[in-house]
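J.: What follows is a predicted protein model with its sequence.
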Amino acid sequence: MTSQIRQVYFNGQLVPETQARISIYDSALMFGDMVFEMTRSFGKRQFKLREHIDRLYAGVKILRIPLTMTPQQMEQACQQTIEANDHLFAADDEHRLMIDVSRGLLGIYQGIEGLHKGPNVVIADFPLRWTVAGMGKLFDSGINAVITSQRAIPASLLDPKVKNRSRIHYLMANIEASQVAGDDNWALLLDPDGFIAEGTGDNFFIVKDGVVISPEGRNILRGISRAYIMEELCPQLGIKVVERNIEAYDVYTADEAFMTGTPFCMLPVTRLNGENIGSGTVGAVFNKLLACWSENTRVDIAGQIRAWDAARVTTSGSQAPTPYRFKSK
């Protein structure tokens, strides 16, 4: 009989998502000692899955998590999880995978009976529309990027290129941005030298004189979507792209700006701290890149998210934080 409850890959088995639990003594709970990836599909086909897995395994290597599962086996487990859940997804849904790898029990708790020993591998599959709820309008109006007092953690202290669960600084930046008057305020972090780094789950770009400019990849998470823009879309369209340090001044004087992230792909940034970037409207280069991305994946990226928003039934309105927004009281 086919299960009507979403299934989660949990250490080699598929279990109901309500039963996928790690121990309170896991190193992930104690130290945020976990690497993870979040993926998406287009037309229910995973996009850049292997690139996400390769980045995951770079983190596993650097953090020295003793994982014996190979990247090939991880990819197979992802596909197995998708297949187990696809019948629960609507025809227009996309698969949003969440892959977590923790070190497992700390040494002093290894003797407790009945607990899994060794790393935990958890793969959850849920509708992408959860993550991008309410973002449809942003393709038209854009984001107000808010530079927060909370700085990015530099690679010399904790390498942000390792996608890990130690992200309290992101949450603090979101809390600060939530105190700003108005809507659609997203945090933008500076590095300790005062250069623009990244958002709290997204990479940042500006456009000046037709050139796409990204902060250097030193003190940021080098996003899969960021790489797709820089290494594939810009060359495909003949758009020059460079990496260099940029300051707030460069953003204020840019022609346009945008954010990239796996769930929404790219969103325009039309204001910085409430001041217009360029004309304060969505830019031509942004529209050109988004159209090309949509054509390459055969999915109208903005249209899909707008349609989900139009069909969404608003409930009581949770005040719990999301990866991209934090609601104040």
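T.: Ah, there it is.
J.: Identify the residues contacting His116.
T.: By C-beta atoms under 8 Å, 6 or more residues apart in numbering, His116 lies in contact with Asn11, Ile22, Ser23, Gly104, Leu105. C-betas here are computed from N, CA, C, even on glycine.
J.: Look up how far Ile224 lies from Ala302.
T.: 19 Å (C-beta to C-beta, to the nearest Å).
J.: What's the separation between Val146 and Ser178?
T.: 9 Å.
J.: These two: which has the busier surroundings?
T.: Between Val146 and Ser178, Val146 has the larger neighbour count (other C-beta atoms under 10 Å), namely 22 against 16.
J.: avg pLDDT for the host helix or strand of the more buried one?
T.: Following DSSP states H and E, one finds Val146 within strand 143-147. Regarding strand 143-147, the rounded mean pLDDT is 98.
J.: Output the contacting helices and strands for that strand.
T.: strand 185-190, strand 256-261, strand 265-272 (3 or more C-beta pairs under 8 Å, 6 or more residues apart in numbering; DSSP states H and E).
J.: coming back round to it: narrow the contacts of His116 to those that are buried.
T.: Neighbour-count burial within the contacts of His116 applies to Ile22, Ser23, Gly104, Leu105; the criterion is 16 or more other C-beta atoms under 10 Å.
J.: The second one contacts Glu113, doesn't it?
T.: No - Ser23 lies out of contact with Glu113 (C-beta atoms under 8 Å); the separation is 11.8 Å.
J.: before we move on, back to that, tell me the angle the strand holding Val146 makes with strand 256-261.
T.: 90 degrees (axes from the mean of the first three to the mean of the last three C-alpha atoms, to 10 degrees).
J.: tell me the contacts of Asn67?
T.: Actually, residue 67 is Leu rather than Asn. Val60, Val101, Pro119, Val121.
J.: Look at the last one and report its pLDDT.
T.: Right, the one you point to is Val121. The per-residue pLDDT reported for Val121 equals 98.
J.: how near is it to Leu105?
T.: On the measure of C-beta to C-beta, Val121 and Leu105 end up 14 Å apart.
J.: Please apply the same query to the third one.
T.: Per C-beta to C-beta, Pro119 is found 10 Å from Leu105.
J.: What residues sit buried inside stretch 293-313?
T.: Trp293, Ser294, Val299, Ile301, Ala302, Gln304, Ile305, Arg306, Trp308.
J.: and the angle for the one helix or strand the second one maps to with strand 265-272?
T.: Take DSSP H and E as the rule and Ser294 turns out to sit in helix 284-297. Angle between the axes of helix 284-297 and strand 265-272 is 170 degrees (criterion: the same axes, to 10 degrees).
J.: My read is that Cys78 contacts Gln46, right?
T.: Yes - with contacts counted by C-beta under 8 Å, Cys78 reaches Gln46, the gap being 7.1 Å.
J.: Need the overlap of contacts for those two.
T.: Thr39, Leu97.
J.: Comparing the two, which residue is more hemmed in?
T.: With neighbours defined as other C-beta under 10 Å, Cys78 and Gln46 compare such that Cys78 has more, 23 against 18.
J.: That one: what secondary structure?
T.: helix (DSSP: H, G, I helix; E, B strand; the rest coil).
J.: how far away is it from Pro127?
T.: 16 Å.
J.: Then Tyr25?
T.: 32 Å.
J.: Neighbour count for these two, which is higher?
T.: Pro127 (19 against 15).
J.: Report the contact partners of the more buried one.
T.: Counting by C-beta under 8 Å, 6+ apart, Pro127 makes contact with Phe89, Ala90, Asp93, Glu94, His95, Arg96.
J.: would you list those residues in CSV and tack on pLDDT and secondary structure?
T.: Shown next, in CSV, are the contacts of Pro127 (pLDDT from 0 to 100; DSSP: H, G, I helix; E, B strand; the rest coil):
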residue, pLDDT, secondary structure
Phe89, 97, coil
Ala90, 95, coil
Asp93, 96, coil
Glu94, 98, coil
His95, 98, strand
Arg96, 98, strand
